[in-house]
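K.L.:
quick one, fold the following:
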Amino acid sequence: MPANLKSVIVGTAGHIDHGKSSLVEALTGTDPDRLAEEKRRGITIDLGFAFLEDAGIKFGFIDVPGHERFVSNMLAGAAGIDLMLLVIAADESIKPQTREHFDICKLLGVKHGVVALTKSDLVDDNGLTLAQLEIEDYVRGSFLQGSAIVPVSAKTGAGLPELKRALRDAATQVTGKDATRAFRLPIDRAFAMKGFGTVVTGTLISGAVKTGDEVELLPGGERLRVRGVQTGGQAVAQASAGQRTAVNLAGIDHTAVRRGMTLAEPGKFRRTRRLDAQFTLLVGTHKLKHRERVHFHASTAETIAEIFLYGATELAPGQTALAHLLLQDEMVLVTGERFIVRQFSPVTTLGGGVVLDPLARRPLSRDTGRVKFLETLRDGECNEVLAAMVERAPMGLGYEEISVHTGWRETEIHETIKHLSSSKVVKSIGDERPLLITGAIFENTRTAISEKIERFQRENPLMPGITREELRSSIGRRVKPEVFRAALAELIAQKKLEVQGEIVKRAGTGITLQPDEEAAKGKIEAAFRAGGLAVPALKDVLAALSVEAKRAEKLLHILLREKSLIRVSPELIFHQAALAHLKERLSAYKKSKGERISVPAFKDLTGITRKYAIPLLEYLDRERVTRRAGDERVIL
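P.N.:
Residues are numbered from 1 along each chain as shown. This is a model prediction of the structure:
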C-alpha cells in the first residue's frame with residue numbers, strides 16, 4: 001500500500017436484513033460473509049472484512065452482524081472504527097437494532113458517519129422522502145446530524161457512486177489514530193494459514209508493527225516474534241495505527257490465541273481487573289443499581305463486571321456518574337478507552353463510558369478524596385492530573401506508573417515533570433526514570449532528618465554524630481530509601497549537614513570534652529598503650545576513672561572511632577601502636593625464619609598467653625596480615 005494513502009476504518013451498523021453485507025460487497029467487490037453458515041442462513045453471524053482504495057483513501061470495512069443475538073460480535077468490530085456507515089432499509093426504516101447499534105456507536109465516541117438508505121429500488125420517491133425525513137429527525141442532535149443520507153441499491157447499483165463520494169468526504173474529517181504511541185492491536189480473529197502458521201487480525205489502535213518485532217500477547221504475557229505483516233490483504237514492511245492489520249506470529253499455535261486478547265509492545269501495558277470510569281446510562285433503560293452485574297465490552301474483549309457507583313445507590317436512565325468496575329477476567333485497557341455495558345439478563349445495551357484509571361485501587365470508604373481525584377483525571381490538564389497522582393502516592397510515584405495509568409507519550413511525561421518540579425509542587429528524584437513525591441513530603445523528610453540529628457547530638461554530646469543507618473531507620477518505613485538519600489544529599493550540598501564516613505552530623509560541630517573527660521580519655525588510652533599486647537581488662541580500666549560509667553563508655557567509643565584503640569574481639573581492645581609493632585615483628589620473622597608460624601611460635605614471639613594469641617591471630621587473618629593454613633599461619 002502506498003505510504004501516502006490515508007487509512008480509514010468504516011464500520012457498518014444497522015438492523016438485520018437491511019443489506020449491510022450486500023452493500024459492502026457492492027462497494028468493494030468482496031463478500032464479507034466468509035462463514036459457510038452465514039451463506040447458508042443468509043445472515044451475518046460474525047465480523048466480515050473488505051477493502052476499498054478510492055481517491056487516495058484506503059477504506060477498511062468491518063461488516064457487523066445485525067441480529068440482536070450477535071451484538072457481542074458487533075461490539076468486537078465497532079470499537080476500532082473511524083467512520084460509521086449506518087445502513088437503514090428504505091422499505092423498513094428505523095428498527096430496534098438500528099437504534100441499539102447507533103447508541104453503541106455514540107457511546108464509543110464515533111464522530112463521523114454516513115447514512116446509506118438501502119433497498120431504495122423497493123420504494124417510490126415519496127417513500128424515499130419519508131424515510132429520509134424520519135432519519136433526519138432521528139439523528140438530530142447526534143454526530144450524524146447534517147451527514148449525508150444516500151439512497152442506494154446494492155442490487156441495481158443505483159447510488160453507489162454517490163455513496164463513495166459521501167464516504168470520501170466524511171473520511172477527510174477523520175483525524176486518524178496515533179502512530180507515535182505504543183503499539184497495541186486488539187485481536188478480533190486468530191487462525192492458521194497453510195505455510196505461514198498463526199495469523200491474528202485486528203484494527204491497529206496505536207503505534208506500529210513491523211516484521212521482526214518482538215511483541216507481547218496479553219493478558220498471558222507471552223513474548224512472540226512477528227514473521228510478517230499485512231494490511232488490506234497485501235504484505236507490507238510495517239503497519240501503522242488506523243489500519244486493518246494481519247500479523248503472522250512465530251512461536252505459538254493459533255488455538256492458544258482468541259478474540260479479546262491484545263498484541264502489544266512489550267512492557268508497555270498491564271492487565272487489569274479494576275478500573276475507574278465515567279459511565280452514562282442510556283435513556284429508555286431501567287435504573288442501574290449499585291453493585292449490579294453486567295456484561296462489559298471494551299475493544300474486542302468482553303467479560304462480566306460488577307459496577308460500584310460513587311456516592312449513589314442507583315443511577316437513573318440518561319444520567320452520568322463516576323463508577324468503579326470489577327472485572328471477572330483480566331483485560332488490557334488504557335486511559336480514555338471507551339466501553340459498553342449490557343444488561344446481564346436479558347442482554348440489552350444499558351450504556352457505556354470512558355476509562356479514567358485502568359489500574360484503579362479497590363474502593364474504600366475511608367478514601368474520601370477518590371471522587372475529586374477522578375474528576376481531576378476527567379477534567380484536568382496534564383499538570384493537574386500528574387500533581388493529583390503524586391498527591392495520592394505518599395510513598396512516591398514511579399515513572400513507569402505514570403505511563404501505564406495515563407497513556408501519555410514520553411515527551412508529555414518529561415515536560416509535565418519538568419513543569420511541576422520547577423514550581424516545587426513535585427520533587428523529582430533520579431534522572432531518566434525518576435521517582436516523584438510531593439514537594440511537601442520531601443520538605444517534611446528534610447525537616448525530620450535535621451530534627452533527628454539535632455536531638456541526637458543534644459542528647460549525646462560525646463558522640464560526633466549519628467550513623468547513616470540509624471538516621472535512616474529513625475525516619476520511618478514510609479520514606480523510601482531513595483527519598484531519604486536525596487533529602488540527605490540536599491542538606492549536605494546546602495552545607496547544613498556533614499558526613500564523615502558513616503557518621504552524619506550538623507555542619508561545623510564537633511565533640512567538646514570537659515576537663516575531667518579529657519583527663520579520663522587520656523587515662524584510658526595510656527592504660528592500653530602501657531599494656532602492649534597483654535592488655536588490661538576493660539572493666540578495670542573504666543572502673544579506675546573519676547567519671548561515671550556512662551560517660552566512660554562514651555569516651556571509650558570516641559577512642560575506638562578515632563582508631564587510637566582497636567577492638568580485636570568483644571572482650572579485647574588493643575592500642576593501635578601495639579598492633580602496628582606486632583605487624584612489624586611478623587614481617588621480620590618472615591624474613592628470618594620463613595612465612596609459616598605456629599601458635600606456639602607466635603606465643604614465643606609475642607610473649608603472650610593463648611588467651612591473647614588466638615584472638616590476635618584471628619584479627620590478623622581478618623586484616624589479611626596472615627592466612628590460616630591448618631594449625632599454622634602463613635604470613636602474607
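K.L.:
show me what contacts residue 382?
P.N.:
408, 412, 415-416 (CB atoms under 8 Å, 6 or more residues apart in numbering). Yep, even glycine has a C-beta here, placed from its N, CA and C like the rest.
K.L.:
residue 287 now?
P.N.:
Residues counted as contacts of residue 287 (CB under 8 Å, 6+ apart) are 281, 314-317.
K.L.:
now the strand or helix carrying residue 605: average pLDDT?
P.N.:
Residue 605 belongs to helix 599-606 when elements are defined using DSSP states H and E. Helix 599-606 shows a mean pLDDT of 92.
K.L.:
now do stretch 53-69
P.N.:
Averaged across stretch 53-69, the pLDDT comes to 82.
K.L.:
now a PyMOL select for only the buried ones of the contacts of residue 382.
P.N.:
Per 16 or more other CB atoms under 10 Å, the buried members of the contacts of residue 382 correspond to this PyMOL selection:
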select buried, resi 408+416
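K.L.:
now the contacts of residue 382 as TSV including pLDDT, secondary structure and distance to residue 210?
P.N.:
Shown next, in TSV, are the contacts of residue 382 (pLDDT from 0 to 100; DSSP: H, G, I helix; E, B strand; the rest coil; distance: CB to CB, whole Å):
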residue	pLDDT	secondary structure	distance to residue 210
408	90	coil	24
412	92	helix	24
415	94	helix	28
416	95	helix	30
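K.L.:
spatially, which two of the contacts of residue 382 are the most separated?
P.N.:
408 and 415 (9.4 Å; CB to CB).
K.L.:
and the pLDDT for the residue nearest to residue 556 when sequence neighbours are not counted?
P.N.:
Nearest residue to residue 556, sequence neighbours excluded (CB to CB, 6 or more residues apart in numbering): residue 524, at 6.1 Å. Note for residue 524: predicted pLDDT of 90.
K.L.:
following the host helix or strand of residue 542, which helix or strand shows up next?
P.N.:
Assessed by DSSP H and E, residue 542 sits inside helix 538-543. For helix 538-543, the succeeding helix or strand toward the C-terminus, using DSSP H and E, is helix 549-561.
K.L.:
so what touches the helix or strand hosting residue 428?
P.N.:
Under the criterion of DSSP H and E, residue 428 resides in strand 426-429. Applying CB under 8 Å, 6+ apart, the contact partners of strand 426-429 are 386-387, 390, 396, 417, 420-421, 434-439, 441-442, 482-483, 486.
K.L.:
stretch 348-355 now?
P.N.:
With contact meaning CB under 8 Å, 6+ apart, stretch 348-355 is reached by 71, 100, 103-104, 107-109, 275-282, 285, 288, 294, 298, 323, 333-343.
K.L.:
generate a PyMOL selection restricted to the buried subset of the residues you listed.
P.N.:
In PyMOL syntax, the buried subset of those is picked out as below (16+ other CB under 10 Å):
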select buried, resi 71+100+103+104+107+108+275+276+277+278+279+280+281+282+285+288+294+298+323+333+334+335+337+338+339+340+341+342+343
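K.L.:
now intersect the contacts of stretch 348-355 with the strands, please.
P.N.:
Mapping these onto strands (DSSP state E) picks out 275-281, 288, 294, 298, 323, 338-343.
K.L.:
tell me the one of the contacts of residue 382 nearest residue 206?
P.N.:
Of those, the one sitting nearest to residue 206 (CB to CB) turns out to be residue 408, at 12.3 Å.
K.L.:
tell me, how many residues neighbour residue 52?
P.N.:
Residues near residue 52, counting by other CB atoms under 10 Å, number 19.
K.L.:
that one: what's it in contact with?
P.N.:
27-28, 58-59, 61, 164.
K.L.:
quick check, central residue of the chain?
P.N.:
For the chain, the residue nearest the mean C-alpha position is residue 404 (3.2 Å; CA atoms, centre = their mean).
K.L.:
for residue 360, see how far away that residue is.
P.N.:
Distance, residue 404 to residue 360, using CB to CB, to the nearest Å: 12 Å.
K.L.:
again, but for residue 52
P.N.:
Per CB to CB, residue 52 is found 41 Å from residue 360.
K.L.:
kindly report the same for residue 633.
P.N.:
Using CB to CB, we find residue 633 at a distance of 65 Å from residue 360.
K.L.:
following element in sequence after the helix-or-strand element of the chain with minimal mean pLDDT, please.
P.N.:
Ranked by mean pLDDT, DSSP states H and E, the weakest helix or strand in the chain is helix 36-41, scoring a mean of 56. Reading on from helix 36-41 to the C-terminus, the next helix or strand found by DSSP H and E is strand 48-54.
K.L.:
what's the angle from the helix or strand that that following strand is followed by to strand 48-54?
P.N.:
Downstream of strand 48-54, the next assigned helix or strand under DSSP H and E is strand 57-63. Relative orientation of strand 57-63 and strand 48-54, computed by axes from the mean of the first three to the mean of the last three CA atoms, to 10 degrees: 160 degrees.
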